[in-house]
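S.K.: sequence and predicted structure are below.
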Amino acid sequence: MTMKEASRRYQIPVKILKEYESFGLREAVNLLYEEVMGCNI
């Protein structure tokens, strides 16, 4: 899922998503989501 797609789907501004990514949290959340939901975002 691209940043623009995530922004639209979850109604989160791209600016916030870029800041979140800069913290290095994107991969951690992806791994957690895979574990909990059994799928990759």
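M.R.: Yes, it's here.

S.K.: how about the backbone phi and psi for the spatially most central residue of the chain?
M.R.: By C-alpha atoms, centre = their mean, the mean C-alpha position of the chain lies nearest to residue 26, the distance being 5.5 Å. According to degrees, to the nearest 10, the main-chain angles of residue 26 amount to phi -60, psi -50.

S.K.: quick check: closest non-adjacent residue to it.
M.R.: Nearest residue to residue 26 in three dimensions, chain neighbours excluded: residue 20, at 6.7 Å (C-beta to C-beta, 6 or more residues apart in numbering). Placement of C-beta: from N, CA and C, glycine included.

S.K.: for the one you found, grab the count of nearby residues.
M.R.: Per other C-beta atoms under 10 Å, the neighbour tally for residue 20 reads 15.

S.K.: so where's this structure uncertain?
M.R.: 32-33, 38-41 (pLDDT under 70).

S.K.: mind running it again at 90?
M.R.: Scanning the chain for pLDDT under 90 picks out the ranges 1-7, 9-10, 12, 14, 16-41.

S.K.: mind checking how far residue 23 is from residue 16?
M.R.: Residue 23 sits at a distance of 11 Å from residue 16 (criterion: C-beta to C-beta, to the nearest Å).
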